[in-house]
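[1] Mind folding the following:
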Amino acid sequence: MTGIGRRRDRRAAQTHGVRAETLAAWRLQLAGYRVLARNFRVPNGEIDLIVRRGSTLAFVEVKARATYDMAASAIQPYQQLRIRNAALAFLARRPDLAGLSMRFDVVLVTPRRLPRHLRDAWRDSG
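    Down below sits the predicted model:
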């Protein structure tokens, strides 16, 4: 594949990812969550969405695949670690939120289906 083809594929994947994150944010907002941050990045991690509802702060990974099962199986342990690292960095910048109940959620996005929100998808082992 040429450089142009790779750039085009990368752009298409990025566009698809932005759409999936927008759908996920919409789904969470309809459920009463307030989006505090999107695409929060630090050198050793990243979080797609950070949301709050009441006294709960959720760090959300968005996965878009052809099926819910494929999306759920795409979350690897190294990604969980990167999300955890980014969550710690976010809380260091926002100590006012440190007293909230925290969890790691996932929103699965598939074609022609409503996004599926998995609350407390994994536990922090660190």
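[2] Low-confidence bits of this structure, can you list those?
    1-2, 5, 9-10, 12-13, 16, 125-126 (pLDDT under 70).
[3] Would you map the helices across it?
    Applying DSSP state H to the chain gives helices spanning 3-30, 68-73, 77-93.
[4] thought Leu57 was touching Leu49?
    No: Leu57 is beyond contact range of Leu49, at 11.3 Å (criterion: Cβ atoms under 8 Å). (Glycine included, C-beta is placed from N, CA and C.)
[5] thinking again about what came up before, looking at the helices of the chain, which is closest to Gly45?
    Counting by Cβ to Cβ, Gly45 lies closest to helix 77-93 out of these; the figure is 3.3 Å.
[6] quick one: contacts of the closest one?
    With Cβ atoms under 8 Å, 6 or more residues apart in numbering as the test, helix 77-93 has contacts from 37, 40-42, 44-47, 50, 59, 61, 97-98, 102, 104, 122, 124, 126.
[7] Run a quick neighbour tally on Asp96.
    Neighbourhood size, Asp96 [other Cβ atoms under 10 Å]: 8.
[8] about what we covered before: for Leu108, find the nearest of the helices of the chain.
    helix 68-73 (4.1 Å).
[9] which of the residues in that closest one are buried?
    Residues of helix 68-73 classed as buried by neighbour count (16 or more other Cβ atoms under 10 Å): 68, 71.
[10] Make a markdown table from the helices of the chain and add distance to Leu118 to it.
    Formatted as a markdown table, the helices of the chain follow (distance: least, Cβ to Cβ, whole Å):
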| stretch | distance to Leu118 |
| --- | --- |
| helix 3-30 | 11 |
| helix 68-73 | 7 |
| helix 77-93 | 13 |
